[in-house]
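Participant: Pasted the sequence and its predicted model underneath.
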Amino acid sequence: MRVLVTGGSGFIGSHIVDALLARGDDVLVLDDLSSGRAGRLDPRVTLHKLSITDAAALNGEVAAYEPALRLANVYGPRQDPAGEAGVITIFCASVLAGREPTIYGDGTQTRDYVYVGDAVRAFLAAGDSGRPGTWNIGTGVEVSVLDLVAIIGAVAGQGIRPAFAAPRPGELQRSAVAADRAASELGWRAGTPLPEGVRRVYRWIESGAPDRVPC
Ligand SMILES: NC(=O)c1ccc[n+]([C@@H]2O[C@H](COP(=O)([O-])OP(=O)(O)OC[C@H]3O[C@@H](n4cnc5c(N)ncnc54)[C@H](O)[C@@H]3O)[C@@H](O)[C@H]2O)c1
C-alpha cells in the first residue's frame, strides 16, 4: 500500500512511519519540519517538506485518507519534552541529570498515558478496518503526577523528592478516555504497562535520546 503521513517526522508520526515500513508499505511524509526532524526517518521514506496549510501544495500531493483517532496522552521514545505527555520525558531527564522534578500544583491531577507503540497499533488497526470512524485511544486509567513520580523512582531505583510549584492556571484536573469502541470495533487495547513504557523512555534518555529508536 502507498501511505501518506502528515507530520511524519514528529514523535508519533515517525513511529507510525516505522510500523508502516515494517509491514512493507511505501511511505510518503509531508512535514514542514517545524518541530519534526528528518533524521528520524528511515532512508526508504520520501519526505516532502511542505506545510499542510498550503492548500495548493497539499492538493498537489494528496489523495487523502485519514482515520483522524482521538488520542489520550501518548508517551514514549522520541517525544519532545514539550509534547502533550512530555511530563514523562521531562521527569526522567531531570532524574537522570540529578535534579528534582518540579510538580505544578499538588500532583493529584490525572492523565491517561498510552504508550506510543500501542497508539501505532491503533492507527494500523483503524486503517485496516477499511471504514471511517472515530475511536478513543487510551487506557481508561487515570494516573496522577504523584503516581508518575513513584513509577519513575522505581525505574530509576531511587527515591525521588519532587519540588512543588504554583499550579498552572486553567490546567485540567482529571483526564482519561473510554476506549471501549476501539476494543469492540478495531480489536485494539493498550498493552504496555506504564512502568514498562516509562522504563523504555528512561533508557532512551539515558542512552542519549537518539533519533532512531524502535517503539
Ligand atoms: N503526543 C500526544 O500525547 C498527543 C495527544 C493527542 C493528540 N496529539 C496530536 O498528535 C499530533 C502529533 O503529535 P506529536 O506529539 O507527535 O507532535 P510533534 O510535534 O512531534 O509532531 C508534529 C509533526 O508535524 C509537523 N508539522 C507541524 N505543523 C505542520 C504543518 N503545517 N505542515 C506539515 N507538517 C507540520 C512537525 O514538524 C512535526 O514533525 C499533533 O496534532 C498533536 O496535537 C498528540
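Facilitator: Okay, I see it.

Participant: list the buried ones in the helix or strand of the chain with the lowest mean pLDDT?
Facilitator: Lowest on mean pLDDT, DSSP states H and E among the helices and strands of the chain sits helix 55-61, with a mean of 82. By neighbour count on 16 or more other CB atoms under 10 Å, the buried set for helix 55-61 is empty. Quick note: C-beta positions are derived from backbone N, CA and C, even for glycine.

Participant: May I see the domains of this protein written out as residue ranges?
Facilitator: The chain breaks down by automatic domain parsing into domains covering 1-66, 68-215.

Participant: Next, the residue most central in space within the chain: secondary structure please.
Facilitator: Most central in the chain under CA atoms, centre = their mean is Val74, positioned 3.4 Å from the mean C-alpha point. Taking DSSP: H, G, I helix; E, B strand; the rest coil as the rule, one finds Val74 in the strand state.

Participant: that older thread, just tell me which of the domains of the chain ends up closest to the ligand.
Facilitator: domain 1-66 (2.0 Å; CB to the nearest ligand atom).

Participant: does the ligand sit close to that closest one?
Facilitator: Yes - Domain 1-66 lies within reach of the ligand by CB under 6 Å from any ligand atom, at 6-7, 9-13, 30-36, 51-53.

Participant: Val114 should be in a strand, yeah?
Facilitator: Yes - assessed with three-state DSSP, Val114 lies in a strand.

Participant: Who are the contact partners of it?
Facilitator: Going by CB atoms under 8 Å, 6 or more residues apart in numbering, Val114 touches Leu71, Ala72, Asn73, Val74, Tyr75, Ile137, Gly138, Thr139, Ala190.

Participant: pLDDT at it, what is it?
Facilitator: Looking at Val114, its pLDDT is 97.

Participant: partners of it in the sheet?
Facilitator: Note on Val114: beta-bridge partners by DSSP bridges are Val74.

Participant: Which parts of this structure are strands?
Facilitator: Assigned by DSSP state E, the chain shows strands spanning 2-6, 26-31, 46-49, 70-71, 73-75, 102-104, 110-111, 113-115, 136-137, 143-144, 163-165.

Participant: neighbours of Asn73, just the number please.
Facilitator: A count of nearby residues for Asn73, using other CB atoms under 10 Å, gives 20.

Participant: so it makes contact with Gln109?
Facilitator: No - look at Asn73 against Gln109 with CB atoms under 8 Å: they stay out of range, at 11.6 Å.

Participant: quick one on the thing from earlier: among the strands of the chain, which is nearest Leu186?
Facilitator: For these, proximity to Leu186 was assessed by CB to CB; strand 136-137 is nearest, at 9.2 Å.
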